[in-house]
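>>> here are the coordinates; sequence isn't available:
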């Protein structure tokens, strides 16, 4: 199957806004890890595969409308058109519902699944494990790998603050590259984009 066929499969299989589990597997690169310099160079580039299991996210929801709805529930009447969002690196795909997927602005060669959550979704969890040179990283190796991971600081969107949304109402949005997703799961329904994109699928999917 190609990426467009998989997108249609995902949209036809899963329920918008329902709690979803996502399992991502990818080789860690400079995007996720610090490079270091000189003799203190990161020794793990190209050697680590991360399996990240996220539970409690939703698909197929519109970020602007979600922010507007949260603001309205909080007593601040507004609409999706009133929500000013910063320019982002992704854009809608022609012929595909923009609430589900996007592509990169630069080359339009990558497909991203759009995911959303908020702090009221108490079932949300995220866990990462690592494989180093083909074996499951032990506790010491995991600590060493994570010491090189880039630390992401969080600051609530100024738009959400202006609309009166506190931490409990904050809306979080991310986009995950489709060909790194090993599993999408809602209850008994499952789709494995990586498996469908590649004839040989030997990745061990994390327990969900």
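Looks like it came in fine. Source: prediction; values computed, not measured. Numbers count the residues shown, from 1 in each chain.
>>> can you tell me which residues contact residue 28?
Counting by Cβ atoms under 8 Å, 6 or more residues apart in numbering, residue 28 makes contact with 44, 45, 48, 49, 50, 130, 145, 149. From N, CA and C alone the C-beta is placed, and that goes for glycine too.
>>> mind giving me the PyMOL select for these, buried ones only?
The PyMOL command for the buried members of those (criterion: 16 or more other Cβ atoms under 10 Å) is given here:
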select buried, resi 44+48+49+50+130+145
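>>> what pLDDT, on average, does the strand ranked longest in the chain get?
If you go by DSSP state E, the chain has its longest strand at strand 48-57. Per-residue pLDDT over strand 48-57 has a mean of 96.
>>> try stretch 100-112
89.
>>> in the protein, which helix or strand is least confident?
Within the chain, no helix or strand scores below strand 90-91, which has a mean of 78 by mean pLDDT, DSSP states H and E.
>>> ok, it: who's next to it in the sheet?
Paired neighbours of strand 90-91 in the sheet (DSSP bridges): strand 101-104 (antiparallel).
>>> list of residues touching the partner strand?
So strand 101-104 is contacted by 7, 89-93, 109-114, 175, 178 (Cβ under 8 Å, 6+ apart).
>>> quick check: the farthest pair among those residues?
Distances among the contacts of strand 101-104 were taken as Cβ to Cβ; the most separated pair is 7 and 89, at 19.0 Å.
>>> which one of those two has more residues nearby?
Just comparing residue 7 and residue 89: by other Cβ atoms under 10 Å the higher neighbour count belongs to residue 7, 21 against 10.
>>> ok, now which ones touch the most centrally placed residue in the chain?
Nearest residue to the geometric centre of the chain (Cα atoms, centre = their mean): residue 176, 3.9 Å. Residues counted as contacts of residue 176 (Cβ under 8 Å, 6+ apart) are 22, 24, 112, 113, 115.
>>> mind checking which of the residues you listed are in strands?
If you go by DSSP E, those have 22, 24, 112, 113, 115 in strands.
>>> most neighbours out of those residues, which is it?
Each of the ones in strands among the contacts of residue 176 was scored for neighbours by other Cβ under 10 Å, and residue 113 scores highest at 25 neighbours.
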